[in-house]
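Enquirer: 3D model of this:
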Amino acid sequence: MPPAVVRRETMFNSGQLPKFENQQFKVTDDDFQIYMIPTAEIPLNGLHSEEILPEESLPLRYIAYTPCFRREAGAAGSQERGLIRTHQFNKVEMFCFTKPEDSPKIFDEMMASAEEILRGLGLHYRNMLLVTGDMSFAAARTVDIEVWLPGQNRYYEVSSISNCTDYQSRRSNTRFRRNDEKLELVHTLNGSGLATSRLMVALLENNQNADGSVNIPTVLQPYLGGITKLGG
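Expert: From the prediction side, this is the model:
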């Protein structure tokens, strides 16, 4: 559970600034300029800033669970109300520091982790490879995992997996030494373990019955004392 507020340089090192300045909540006074994190990717990327990592320690995989805060500037309309788009939501974040040659494999593993959860929940989803114009400038490859929301009659993103190669590590100066040779920049990857508020909409809408009751997916029933249905 990393900090929910970070310094400006931590935001810059992860690629959030300066481009996404208007999307951030920040606190500025005579002593501080701090930002509320839009995703745990930011503090996770900062964990090893200015460090030289041992080659044998890679890959370093992290999981964080944090609140996320976003201004969502420009987002409006009836389809964006309720749990679809909020200024605060909770999210599990996957993050990895790895050697350059291993980052494509790690990307596939992160995709598989997010997809496994959706399959377990029985939700219909699709994977969308983003074109360059839709990606963050920090990413070299991004795939959005989108789940079907019947009430919206469209797919909505619940996870986004990105390989940032050495963009973030170049800003944060996170390196490793291979076989006692020269230093190299690590590759960083990040991905949502699924955004909980929007996922709740998918669970409710896709499992609702005609009488208004909602079936509980089998994998969640043990966490609810064996309850198989809500309401009705």
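Enquirer: wait, Gln152 touches Glu146, no?
Expert: No - taking C-beta atoms under 8 Å as the definition, Gln152 is not a contact partner of Glu146, at 11.0 Å. Just so you know, the C-beta spots here come from the backbone N, C-alpha and C atoms, and that holds for glycine as well.
Enquirer: looking at the two, which one has more neighbours?
Expert: A direct count of neighbours by other C-beta atoms under 10 Å for Gln152 and Glu146 places Glu146 higher, at 19 against 15.
Enquirer: check which helix or strand that one maps to.
Expert: strand 141-149 (DSSP states H and E).
Enquirer: how far does that strand sit from the chain's center?
Expert: Remark: strand 141-149 is offset 11 Å from the chain centroid, using C-alpha atoms, centre = their mean, to the nearest Å.
Enquirer: contacts for the strand or helix carrying Ser197?
Expert: Using DSSP H and E, Ser197 sits in helix 196-206. By C-beta atoms under 8 Å, 6 or more residues apart in numbering, the surrounding residues in contact with helix 196-206 are 82-84, 86, 89-92, 121-124, 147-151, 156-158, 214, 217.
Enquirer: among these, which are in helices?
Expert: If you go by DSSP state H, those have Leu121 in helices.
Enquirer: was I right about Gly231 contacting Ser213?
Expert: Yes - contact criterion C-beta under 8 Å: Gly231 and Ser213 qualify, at 4.5 Å.
Enquirer: on that earlier part again, and the strand holding Glu146, what does it pack onto?
Expert: Under the contact criterion of 3 or more C-beta pairs under 8 Å, 6 or more residues apart in numbering; DSSP states H and E, strand 141-149 touches helix 103-121, strand 125-129, strand 154-163, helix 196-206.
Enquirer: Three-state assignment for the most centrally placed residue in the chain, please.
Expert: With distances taken as C-alpha atoms, centre = their mean, the residue of the chain nearest its centroid is Ser192 (2.9 Å). Look at Ser192: counting by DSSP: H, G, I helix; E, B strand; the rest coil, its state is strand.
Enquirer: for it, give the beta-bridge partners.
Expert: Beta-bridge partners recorded for Ser192 (DSSP bridges): Glu93.
Enquirer: just Arg7 next, same as before
Expert: With DSSP bridges as the rule, Arg7 is bridged to Ile34.
Enquirer: would you mind measuring from it to Pro38?
Expert: 15 Å (C-beta to C-beta, to the nearest Å).
Enquirer: more crowded one of those two?
Expert: Legend: neighbour count by other C-beta under 10 Å for Arg7 and Pro38, higher for Pro38 (20 against 14).
Enquirer: give me the low-pLDDT residue ranges for the protein?
Expert: By pLDDT under 70, the low-scoring segments of the chain are 73-83, 232.
Enquirer: compare Gly231 and Ser213 (neighbour count), which wins?
Expert: Per other C-beta under 10 Å, whichever of Gly231 and Ser213 has more neighbours is Ser213, with 13 against 9.
Enquirer: right, and the more buried one touches Leu230 too?
Expert: Yes - between Ser213 and Leu230 there is a contact under C-beta under 8 Å: 6.3 Å.
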